[in-house]
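Undergrad: Test case, fold it:
(chains A, B, C and D, ligands or ions: 4)
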Amino acid sequence: MSTVPSAGQAGALYWPVQARRNVGVRGLFAVVLAFLFAYGFLFPGLLTASGFAKFTQSWFPLALVAMAQAILMLTGGISLAIGAMVSLGAVIAATTMTGPLGVAGGAAAVALTGLGIGAATGFIVVRLRLPAIVVTLAGSFIIGGAALLILPRPGGAIPEWLSDLLAGNTPAAFVVLVLIVLLWKLYLATPLGLSLYAAGENPVGAYRSGVPVDGARIAAYAISGLLSTGAGLFVAAQTGSGDPVIGAAFTLNSIAAAVLGGIGFLGGQGTMRGALAGSLLLSLMISVMFFLGFTPVAQYVAQGLIIIGAVAIPQFRKVQQ
Amino acid sequence: SQANAAAKCIKGDRKAPYTIGWANIYSVPTWMKQTQGTIEAEVETLKKQGLVDKLVVTDAQGDANVQIQQIQSMIDSDVDAIILIAGSSTAPARVLADACAKGIAIINFDSLVDTDDVTAKVNTDSAQWGDQAAKFLIDAIGGKGKILILNGPAGVSVSDDRRKGADAALKAHPDVTVLAETNTPYNVAPAQEAVTSLLFANPEIDGILSLGGALSAGAVLALDKQGREQVPITGENARQFLELWKEKGLKSWATMQPNWLGAFATYTAVQALEGKDVPAFVKIPLPVIDNSNMDQYLARAADFPADGYIYSPYDEDLFKKLLAGK
Amino acid sequence: MTAWKDSAYGRRALTILRSRPFLTVAIVAAVWIAASFASRGFGAYGHLRYLVELGAVIGLVAAGQTFVVIAGGIDLSVAAIVTVSAVSLPLLSWQADPTGVTGILAVLVLTTAIGLVNGLGVALLRVHPMIMTLAMATFLQGLLIIIAGGSAVTAENPVVRWLGNARPAGIPAGVLLWVLVSVIVLTTMHATSFGARIFAMGANSLAAALSGVPVTSTTLAVYGISGFTSGLAGVLVLGMNGQGYVGIGDPYLLASIAAVVLGGTSILGGLGTYAGTIPGAILLVTITALITVVNASPGWRSVMFGSLILGLLLLSGREQARR
Amino acid sequence: MVTRAPLLAARGVSKSFFGNPVLRDVSIALQPGRVHALLGENGAGKSTLINLLSGALRPDGGTIEVDGYTVSRMTPTYARQAGIAVVQQELSLTASLSIAENIGLGAYPKRFGLIDYPELAARAGAACDLVGLHEPLSTPVGHLPLGRRQMVEIAKALYRTPRVLILDEPTSSLSATETKILTDLLERLRSEGIAILYISHRLNEVMTLCQHVTVLKDGTCTADRTLEGTDAAGLVRLMVGRDPGDLFPRWQPSAPPADVISVRKFSAGLMRDVDLDIRAGELLGIGGLVGQGQEDLLLGLYGAIPAGTASATVNGASGLPGGVPKANALGLAYVPADRKREGLHLIHPIIANMMLPAFARLPALKLRSRRAERETARGLAAQLAIKGDLDRPAQALSGGNQQKVALAKWMPHDPLVLLLNDPTRGVDVETKREIYMMLRNFAAAGKAVVLLSSDTPELVHLCDRVAVVREGRIVAMLDRGALSEEAIVSAAMGAEQRKVAA
Ligand SMILES: Nc1ncnc2c1ncn2[C@@H]1O[C@H](COP(=O)(O)OP(=O)(O)OP(=O)(O)O)[C@@H](O)[C@H]1O
Ligand SMILES: Nc1ncnc2c1ncn2[C@@H]1O[C@H](COP(=O)(O)OP(=O)(O)OP(=O)(O)O)[C@@H](O)[C@H]1O
Ligand SMILES: [Mg+2]
Ligand SMILES: [Mg+2]
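TA: Ligands and ions are numbered 1, 2, ... in the order given. Prediction:
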């Protein structure tokens, strides 16, 4: 039997696999790039360090929640509690970091809360076989209520230096985002991480192949929780304080970003780079429309059109082929 | 040209005509739309005076994070003034500090931010609102009885401040029992639903302390639908409520968050840019609506949207007085 | 005992007793009874009647939502459509028609058209329903900026008023409307070929298409129905509150989805019935009312509400495994 | 040889689903160096038995043994560690992952906790070579046609270097060439001492490949014996308990031909500029290697994918049907190959599946008559011998019975042209015979049948003409006289095409 064709491949598998995954999102990348150019053209200050820093800071929390939503949707799940988790993360950060726990303790509290609530949600969805959309809808009330209990009205504080570090005039947020993306790639290179796709698209087949399907899905919920409360921590740092209802809009935006990025609802479809591009597009859209001088009515209409267009056009091209 | 800039954030290096940025948190509700109307009218006036050449409007769609991004864009595009209704009482503080450092006049009205890095804040006094409303109600029920309290949404400073403002008066009257409280958006439907259930659960109610928005109309409708006698109730200047007040002959008292705060904020911004001294906090006296002047308000009802708010009249003289007076 | 179970009659009775709609009804009854022990007024006839009336609004919105969900989609624009309906009615009312019927018809045509546009996006542009309807909700926000507060006149529409306030034979007119709609919906869903097509599309739209189901027109119809029932709900809620305003529809988005799922319809599509959504809607208003009368801080109330939904879901919301 | 402990065995296992016994006291022993056939009608319990052997399901009674020792709790993970690999039917793959990632799924080589991609590439590449899979390893499985996916599934099993290899109908979606590669491979693995359990409804494969057979009938074991001295007829006797007739009905010349469908320069999907006439009263076979565009030919005619033609007449109407409902109205019906994805509504009752084309055609708001539906469905179930309660979800049916449902639902509409995409895939011999009879009768009644099949004997013995498709074109049209397996295969492979073209 001939071994010629595949022997050559053996050397490099990882990068071709990665390259293949760009296929579905190239169109979106082009759109995002066009928006980026438009933004840079309309606002040349974007190319300065502080202009870039400020822009990435507005994008950062949306990028995190888009990732948080995407990882769930890859496993065939979804969360309507992302916004509440962001609020909770912000509130915990703002009430602990200037207290005896300090920044490290506060960050740990935020992370543990995210992981814990995420894992609990995952357990309920996966093990008790309840529909994720409604479990997380109920969860959003519980988590949102918890945020209100911790901080009944906006307040609390984040140490000034932390705010300046994360949301000052340096692109630290962008660096953190790059780190998070690298960690994600690392996770996806572990057997458990890659199982996400199989567990989402074909759970029965994955189980029969020896994949710990339930474990992979629960882990996804935990990571999603961590990313959400992490986004909350950043929002708290960016604003210097906590607000128990600050996250509300993130729930639907995270879904919009993920779907814009080509993540499917059935599990196993799409890529994280797509979700990130989707969130970037949503964020860019706001600034570009500002600089184009759109009125609020035009903003609403354009926003709807861009979202539909970005999803429909690639679909259309697929059908044409 | 004005070397001795007087107000905070003002550096005196900006010249008329100015570009005004109006950072709205959510432009769809009728109250906001009315406010926008007063701002646009004021801008027209100022344009004629050659003081303003452009109004830039953003709508954060209710998202405080988007509002931060939009304020950042206003800074980037170098507007001369930002007038602002904040989506969160804490979130915009840092971006406003940046704007202030750039010499942009910032006038924050209605929903305020906990920061001093603004040129001026313009608002009615929420605590006073709660206090006056509570005092009226306690008085109206004869210093004792069972009441309901209707609050705005939870986790929002304005509704919390109004509620806290009512505390002292309530404490001073131990015979006034608070049967239940609600937190709902400042809208008719949720208030009507909540009050209906509360009425069934607490059949004896002597008064309703309603702290803003269209909550009072909902409460009145709830009582009416159950065929119950109306009780004394406080409220705001929502047209629907005022019409119900007249129709049912309510024992009532209302105040308002006048929509012309927007026009006034615009005016103030230009004054500050022009080098005038502007107080850091302009406290708008609460206009009171009671049986004595209710008809005057209702007479103008047709000029306001059916689901809108009938605000008190205003003119430039009023603005001047407000800026000058303590 | 076993003989009874084995008889055809007994088998059918058992099926009903074990069905999800029945379970939801049982839960509603249990919550009502428990709540009236805790607070006498809660269980008063008048209160229950009011809750059913409130349930009618959710029920109407959820009627379209049930169709959409069974067909394998979801409609996130229902809240905006309810608002558009309530706010645009005065604008579309025709002064020359004293009955106000034309105004209502015009609104229903408008909201149905909005639904059809959703359907077009889903069926022809192949945009995922969640995105299509979310984008539609955004569009409608823009529309609302234009139309909200645009009319200084309150439309005194007698039919709307009647719907929101009248009680023929002691039953709120809104509830009567709901009963009527329920009968039509249940008949359409379970006794017509159109209903069968919807279930087929939701379970496997590819197989349905290959079996000759006209998927495009059925999708259009389903979203059109959702626009229609949301419009109807907007008219009802306008009557109940005497005044429409922007935001009047907001509570009905999540409520409609929750009612559908609590009623046992699978969020994945293909399985379910409006017969479960009906008690699901009543259950939801009941819980909301219950939380309202409990004296607690807003935070705790929110926690209690979520926990109750989660608990009820454990009782009634299990997804069957499927491949 | 038999004195050694079997590598894997089931001893007296039983299993029921919701109180319905599916397996009763079944034993089976897999010996090294032996290909063991597991036969039985659809729904006999074969898949269930291998699910027990591989730990995907837990037996209600009885034990599973590995190397003669009882395993207290068999799980997929334990099975893998014990060297047991299962080739499910195209089931365990993930479309968005690459070939290599699919092959290694659940058993990735690791380095510092991460997947060792170079190692994975080497090992997956070796497994692919064994089955003749030469696509780049980074290709997402979703981009592969069905037959190639099946090869990935097999490579996935080989990757685990099994001692016991279980294959559940591995050839049902494979072309003749791929089947040949597989049989050669299994022969080699057997000689290397691996124990193989082989499930297939294609008896000639079983005859050439297997040494031992276990036959299941209604969940009980009716035979466990060596294959030596048995012929195909004997096997069928073991399975159905009586003498088999001929598998294929006797061919008879069909009525004078009249075209029901004729297309010129037809293009759809992979198909390019095809001229084709389909005649009433004939069974037209479509053959060729898997994935050459045959399916697009059927789908294009059926209006399910966009298609273009220079000219077309379908049942007298000119032009292709502009959509499935129109095609149905013109008397066309299509039975897809992938019944789970395209043919059935698995979560819906059998009766709903059977009635769907009717629902699709009736006026939308016409009230249904449950009684009439039930009567029709009962008739269909009786006609096609579909066992089971009509109110149960279709997913509770075994694969073969599901296939019958997918076919049955068109019968009430009396279609003029039946477009069939591999209708006997995974169907047991008895059912196959019934289906063949039906198709023949159908043609005899003056209707047209287009039969796309990956089972070459089926094309040879059943069809009046066979069109062989390669690279989107019809490269040969073989008339009855010229039909033979060799002719079809060689046309499909591209050899000697000019000579056989009629
Ligand atoms: N999970 C399940 N739930 C209910 N019934 C089941 C389940 N799995 C299998 N069955 C039933 O068990 C019987 C045996 O099924 P099985 O799939 O083992 O048959 P098979 O011999 O593999 O048939 P085929 O040749 O069609 O593949 C069938 O009647 C099927 O309906
Ligand atoms: N949830 C379920 N309910 C009822 N039956 C089920 C269920 N899950 C699986 N089955 C049945 O289990 C059996 C084994 O499944 P499997 O995937 O091996 O398919 P199969 O019947 O062998 O079909 P094929 O041979 O075409 O692959 C099938 O008969 C299937 O119908
Ligand atoms: Mg099987
Ligand atoms: Mg099978």
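Undergrad: C-alpha only now, for contacts and for neighbours.
TA: Will do.
Undergrad: so which residue of the stretch 101-250 of chain C comes closest to ligand 1?
TA: For the stretch 101-250 of chain C and ligand 1, the shortest gap (Cα to the nearest ligand atom) falls at residue C:203, measuring 18.4 Å.
Undergrad: which element is residue 198 on?
TA: Assuming you mean chain A. In this structure, residue A:198 sits in helix A:191-201 according to DSSP states H and E.
Undergrad: Actually, chain C is the one I wanted.
TA: Residue C:198 is located in helix C:193-203, with elements delineated by DSSP H and E.
Undergrad: Alpha carbons only: can I get that helix in PDB?
TA: Extracted in PDB, the C-alpha atoms of helix C:193-203 (Å, rounded to 0.1, in the frame of the first residue of the first chain):
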ATOM      1  CA  SER C 193     -51.800  19.400   7.800                       C
ATOM      2  CA  PHE C 194     -50.200  22.800   8.400                       C
ATOM      3  CA  GLY C 195     -49.600  21.900  12.000                       C
ATOM      4  CA  ALA C 196     -48.100  18.600  11.100                       C
ATOM      5  CA  ARG C 197     -45.700  20.300   8.600                       C
ATOM      6  CA  ILE C 198     -44.500  22.600  11.400                       C
ATOM      7  CA  PHE C 199     -43.700  19.700  13.700                       C
ATOM      8  CA  ALA C 200     -41.900  17.900  10.800                       C
ATOM      9  CA  MET C 201     -39.900  21.000  10.000                       C
ATOM     10  CA  GLY C 202     -38.800  21.400  13.600                       C
ATOM     11  CA  ALA C 203     -37.800  17.800  14.000                       C
END
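Undergrad: Under the pLDDT cut-off, which ranges of chain A? List them.
TA: In the predicted model of chain A, residues A:1-11, A:317-321 satisfy pLDDT under 70.
Undergrad: Could you list the contact residues of the stretch 101-250 of chain D toward chain A?
TA: With the criterion set to Cα under 8 Å from any Cα of the partner chain, the stretch 101-250 of chain D comes near chain A through D:105-108, D:113-115, D:117-119, D:121-122, D:125-126, D:129-130, D:132, D:134-140.
Undergrad: low-scoring stretches of the stretch 1-150 of chain C, by residue?
TA: For the stretch 1-150 of chain C, applying pLDDT under 70 flags the ranges C:1-12, C:16-18, C:149-150.
Undergrad: run the last query once more with 80
TA: Within the stretch 1-150 of chain C, the segments meeting pLDDT under 80 span C:1-21, C:38-40, C:93-98, C:148-150.
Undergrad: What segments of it are helices?
TA: C:2-6, C:8-18, C:20-38, C:45-70, C:78-92, C:101-123, C:129-147 (DSSP state H, counting those that start in this stretch).
Undergrad: swap in chain B?
TA: Shown for chain B, the helices assigned by DSSP state H span residues B:30-48, B:64-76, B:93-101, B:126-140, B:157-172, B:188-201, B:215-225, B:239-248, B:261-273, B:294-299, B:316-324.
Undergrad: what about residue B:117, how many neighbours?
TA: Number of residues near residue B:117 (other Cα atoms under 10 Å in any protein chain shown) recorded here: 21.
Undergrad: Can you name the residues that contact it?
TA: When contacts are counted by Cα atoms under 8 Å, 6 or more residues apart in numbering or on different chains, residue B:117 touches B:8, B:9, B:93, B:96, B:97, B:100.
Undergrad: how about those residues in a markdown table, adding distance to ligand 1 and pLDDT?
TA: Supplementary listing: the contacts of residue B:117 in a markdown table, determined by distance: Cα to the nearest ligand atom, whole Å; pLDDT from 0 to 100:
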| residue | distance to ligand 1 | pLDDT |
| --- | --- | --- |
| B:8 | 74 | 82 |
| B:9 | 72 | 86 |
| B:93 | 59 | 91 |
| B:96 | 62 | 94 |
| B:97 | 64 | 92 |
| B:100 | 68 | 93 |
